[in-house]
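J.: quick one, fold the following:
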Amino acid sequence: MAEAEDIFLRAKQRTFTGLTEDEQKEWRGPFCFIQAADPQLGLMKTWREGDCDGGGDEWTDEVQLTQQAVEAVNKLSPRPKFMVLCGDLVHAMPSTQYREGQERDLKVALRGTDPSIPLVFVSGNHDLGNTPTPETVAQFCNAWGDDYFSFWVGGVLCLVLNSQLFFDASACPDLRDAQEAWLEGQLQRASQGPGVTPKHVLVFQHIPLYLKTPDEEDDYFNLQTATRQSLLGRFKRAAGSYKARSRTSVSSRGLDSFQGVKAVFSGHYHRNAGGLHNGLDMVVSSAIGCQLGEDTHGVRVVVVTADQVIHRYHSLEQLSGRGMDEDLRKLLQA
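T.: Numbering: from 1, shown residues only. Presented below is the predicted three-dimensional model:
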């Protein structure tokens, strides 16, 4: 398994080829990355058979789809800065029968990812359990890397969150509190200036804040209203804090560019959804694996410019056959 381990160890270390972390804090022009979600090895057969509570005893289809995604991403030009998988890497819950085999085969499928495209892994409910425990979180971290962390790429600050700690942390309240404190610190540092100012702040998590609107009813596929509104408020207050400091700073060069969290990218729904509200883009991407709606197996191409974060879902067939849409490619040439 040594070769298979290499690809995810690069992701655990969250290195970005050729530049130091300080250099990654500098804006160097437009770039793209790939957001994917829910390869969820083992779900497709269980969904067809109506037994989604089972761990899934067959996952050949998902392995092939993951390999197809990797091959398509490898062919993109210019190369994506990274590829993030937004949770539910496998279907089998922690410590259940098929878990080890599904994780092993997913790592093998990801082995073909070009070494210049780091992988970033986000934890989902099937990765941690619907009610995570300190043990299941530790198992995920040992297999895939930290369950929450930040990294800089091309002048953009990226925050990876463990959304299961927002959804149900009844069995691990200390872990929830630790992430809450860490997140508050990250938002404060991003907003305080002067110093290194991110062009954008992006969030990656598994469960969406909402599917269509911030005031929608609670559902299995979104975060509960109180949690949702709290996060939205914190993301917005970061921008407000930043603007207040910029007005009183002696040196405020570039400080008026920070607008808080620009976008939250998620999966979990196995359909495309989301919406733009009060300047925050809630992006819900369908799955590499099992589709629960009318979308096709695919990934999302995200183009980051100085002023915008533009994204579009591409089917695996489209991405394999002709690459990203031409208008997105032109943005990268600016």
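
J.: what residues are up against the closest residue to R99 other than its chain neighbours?
T.: Spatial nearest neighbour of R99, chain neighbours left out: A92 (4.1 Å); criterion: Cβ to Cβ, 6 or more residues apart in numbering. (C-beta placed from N, C-alpha, C; glycine too.) For A92, the contacting residues are G42, G55, G56, Y98, R99, Q102, H126, by Cβ atoms under 8 Å, 6 or more residues apart in numbering.

J.: which parts of the stretch 51-200 of the chain are helices?
T.: For the stretch 51-200 of the chain, the helices defined by DSSP state H, counting those that start in this stretch occupy 60-74, 99-110, 125-128, 134-144, 164-167, 173-192.

J.: show residues contacting the longest one.
T.: The set of residues that contact helix 173-192 without belonging to it, under Cβ under 8 Å, 6+ apart, is 132, 134, 137, 148, 150, 157, 159, 161-162, 165-166, 169, 198, 201, 234-235, 237-239, 241-242, 245, 258, 260-261.

J.: what lines up beside the helix or strand following that helix in the sheet?
T.: Using DSSP states H and E, the helix or strand that follows helix 173-192 towards the C-terminus is strand 201-204. With DSSP bridges as the test, strand 201-204 is paired with strand 156-160 (parallel), strand 261-266 (parallel).

J.: including distance to S77, mean pLDDT and mean neighbour count, could the ones you listed go into JSON lines?
T.: Output for those, formatted as JSON lines (distance: least, Cβ to Cβ, whole Å; pLDDT from 0 to 100; neighbours: other Cβ atoms under 10 Å):
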{"stretch": "strand 156-160", "distance to S77": "21", "mean pLDDT": "96", "mean neighbour count": "23"}
{"stretch": "strand 261-266", "distance to S77": "23", "mean pLDDT": "97", "mean neighbour count": "25"}
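
J.: quick one: closest of those strands to Q224.
T.: strand 261-266 (14.8 Å; Cβ to Cβ).

J.: can you pull the phi/psi pair for the residue nearest to R99?
T.: Dihedral pair for A92: phi -60, psi 130, per degrees, to the nearest 10.

J.: over to L41?
T.: Backbone torsions for L41, taken as degrees, to the nearest 10, come to phi -50, psi 120.

J.: just grab the bridge partners of it for me.
T.: Note on L41: beta-bridge partners by DSSP bridges are V90.

J.: same check, this time on A273
T.: Under the criterion used (DSSP bridges), A273 bridges to V284.

J.: mind listing what V303 touches?
T.: Here V303 is in contact with P30, F31, C32, V309, I310, H311, L328, L331, L332 (Cβ under 8 Å, 6+ apart).

J.: what is the nearest of these to E317?
T.: Using Cβ to Cβ, the contacts of V303 come closest to E317 at L328, 17.1 Å.

J.: ok, back up a step: select from the contacts of V303 every entry located in helices.
T.: Here DSSP state H is the test, and the contacts of V303 give L328, L331 as lying in helices.

J.: quick one: which of the contacts of V303 is most hemmed in?
T.: Within the contacts of V303, most neighbours by other Cβ atoms under 10 Å means C32, with 22 neighbours.

J.: element containing the closest residue to that residue other than its chain neighbours?
T.: Residue nearest to C32 in three dimensions, not counting chain neighbours: V303, with 4.8 Å by Cβ to Cβ, 6+ apart. Per DSSP H and E, V303 falls inside strand 298-304.

J.: sheet-wise, list the partners of that strand with their directions.
T.: Checking strand 298-304 against DSSP bridges gives partners strand 31-36 (antiparallel), strand 309-315 (antiparallel).

J.: and that strand, how far out from the chain middle?
T.: Here the centre of strand 298-304 is set off from its chain's centre by 11 Å, with Cα atoms, centre = their mean, to the nearest Å.

J.: now the angle from it to helix 60-74?
T.: Relative orientation of strand 298-304 versus helix 60-74 (axes from the mean of the first three to the mean of the last three Cα atoms, to 10 degrees): 30 degrees.

J.: got the buried residues for strand 298-304?
T.: Across strand 298-304, burial judged by 16 or more other Cβ atoms under 10 Å covers G298, V299, R300, V301, V302, V303, V304.

J.: next one: the closest residue to the fifth one other than its chain neighbours from A238, what distance?
T.: With Cβ to Cβ, 6+ apart as the measure, H311 is the residue that lies nearest to V302, at 4.3 Å, once sequence neighbours are left out. H311 sits 21 Å away from A238 when distances are taken as Cβ to Cβ, to the nearest Å.

J.: with L280 instead?
T.: With distances taken as Cβ to Cβ, L280 is found 11 Å from A238.

J.: between these two, what contacts are shared?
T.: Contact criterion Cβ under 8 Å, 6+ apart; residues shared by L280 and A238: G260, V261.

J.: Q229 contacts P214, correct?
T.: Yes: the pair Q229 and P214 passes the contact test of Cβ atoms under 8 Å, sitting 7.2 Å apart.
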